[in-house]
Structures are given as C-alpha cells and as structure tokens.
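# how would this look folded up:
(2 chains)
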Amino acid sequence: KQEVTQIPAALSVPEGENLVLNCSFTDSAIYNLQWFRQDPGKGLTSLLLIQSSQREQTSGRLNASLDKSSGRSTLYIAASQPGDSATYLCAVRGPGRALTFGSGTRLQVQP
Amino acid sequence: GAVVSQHPSRVICKSGTSVKIECRSLDFQATTMFWYRQFPKQSLMLMATSNEGSKATYEQGVEKDKFLINHASLTLSTLTVTSAHPEDSSFYICSASLGQGADTQYFGPGTRLTVL
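As a prediction, this is how the structure comes out:
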C-alpha cells in the first residue's frame, strides 16, 4: 500500500526566505505526483503536477522536483510571502486514478 | 474551465439524520469522481471511487451502507451519510476527472459536516 510522508509537518519562516518542502513515497510505481495548496477550511488548489517521466515543473516562484526511483519530491518556494501561508499537500497517483495524499506541511510566513 | 462545485458548503445536523452532499462538474463531463474525507489537521483519505452509471468502489474500512454514493449522470455525484453520528463529523471533498486516462483531478471546495 502506498504511503506518502511529508516533512516538516509545520514550518514558520520570515518573509523573503526561500524554503523547501519534502515529500516521500514508498511505492515508486506512480503515474504522477501533484502538489496542492489548502487554505484553512477550504478545498484544494493544484499547484504543480509532475508526470512520472519528468524531473521537475516550475510555475512562478514554485519549483517541484521528482526523483521517482528514490521516492522523493521537493517543492521549492522562492522569496516567500505572507500570502503563501497555507498547508501544502503532496499526492501521488498510482495505477488507479485516485490520489494518495501526504499529511501536509503547514507553512506560516511571517511578515 | 474545469470547475467542480459542492453543495452544501457547510451542514450541521442532529445525530441519526441523513445528509446528502452533491458534487457537480460545472463545465465538463466527469466519468469518474472521487470522494475524500479529511479530519482536522489530517490529510485527505480516499473513501470511494464513483463511476458514472455503475456502483461505487469503496476503500477498505469505509461502510458502503453508511456512505451511499450515486453517480447518475456525467456531471453529478452524491454522497449520502446515513444515520450520521458525531464521529462522522469531517470535511468531505470530491474531485472529478475529465475522462479516461486523464491525469488531472479537479477538486471541489469541500463540505464541512458537523453532527451534534
């Protein structure tokens, strides 16, 4: 059974810092990996999707990498802003189409 | 494009009542919809996979008689929590895929269920 772990569980940084969120998964037989953002009490916003054949994806200040063989992904956020404060979820898609989610990293960016 | 809505966004009910949550794909046809639940400060856990016109596939440990899923059309799936109890209080989120082989799932905004 696929298990997804995210480290750290919580992170607080001052505004302007660059930061890295980590995600690991136990079964490397994935179709893709996706990073989401969730604001308190809200649904999910998709940030980046990396196909299993890809190594990284970039969108604005966000860069996600994927090392499928080692079961790891990172989400790099450059020049963090208070508006980046949210919970970041990593999810992998296996042979089916449902997603297995990590427990998330709660990010707080201090002004 | 690719918007998914849920209704209601928040519901409070008494223990023993049944609650229906709707998930709609507003501008696309979704052959497959997924239902997740999320307890406070925890991640999303898949409850069931719903395919249009067929029975839902439930994950291990999820009671199919308690969580009734209907996917009668390509744009609507419903989750009914029957005889709700306080332990069913949770955040329920649905997602929808565009079609066969589609990678991207689009998530609804979620429904907060509180059972008193």
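
# Kindly indicate whether residue B:77 is helix, strand or coil.
Recorded secondary structure, residue B:77: strand (DSSP: H, G, I helix; E, B strand; the rest coil).

# do the one 3 residues further on as well
Using three-state DSSP, the structure places residue B:80 in strand.

# Could you count how many residues lie near residue A:77?
22 (other CB atoms under 10 Å in any protein chain shown). Every C-beta, even on glycine, is put in place using the N, C-alpha and C of the backbone.

# Show the contacting residues for it.
By CB atoms under 8 Å, 6 or more residues apart in numbering or on different chains, the contact set of residue A:77 is A:18, A:19, A:20, A:21, A:61, A:62, A:84, A:107.

# at 7 Å instead, please
A:18, A:19, A:61, A:62, A:84 (CB atoms under 7 Å, 6 or more residues apart in numbering or on different chains).

# pretty sure the third one contacts residue A:78?
Spelled out, it's residue A:61. Yes: counting by CB atoms under 7 Å, residue A:61 touches residue A:78, with 4.4 Å between them.

# In this model residue B:107 seems to touch residue B:2, though I could be wrong.
No: the criterion here is CB under 7 Å, and residue B:2 misses it with residue B:107 at 10.2 Å.

# In terms of neighbours, single out the busier of the two.
With neighbours defined as other CB under 10 Å, residue B:2 and residue B:107 compare such that residue B:107 has more, 23 against 15.

# That one bridge partners, please.
residue B:95 (DSSP bridges).

# Can you tell me which residues in chain A are near chain B?
By CB under 7 Å from any CB of the partner chain, the part of chain A that sits against chain B consists of A:32, A:41-44, A:49, A:89, A:97-99, A:101-104.

# Select from the residues you listed every entry located in strands.
A:32, A:44, A:49, A:89, A:99, A:101 (DSSP state E).

# filter those to the buried ones?
A:32, A:44, A:49, A:89, A:99, A:101 (16 or more other CB atoms under 10 Å in any protein chain shown).

# List the contacts of the residue nearest the centre of chain B.
Nearest to the mean C-alpha position of chain B, counting by CA atoms, centre = their mean, stands residue B:35 at 3.7 Å. Counting by CB under 7 Å, 6+ apart, residue B:35 touches B:47, B:48, B:50, B:69, B:79, B:92, B:94.
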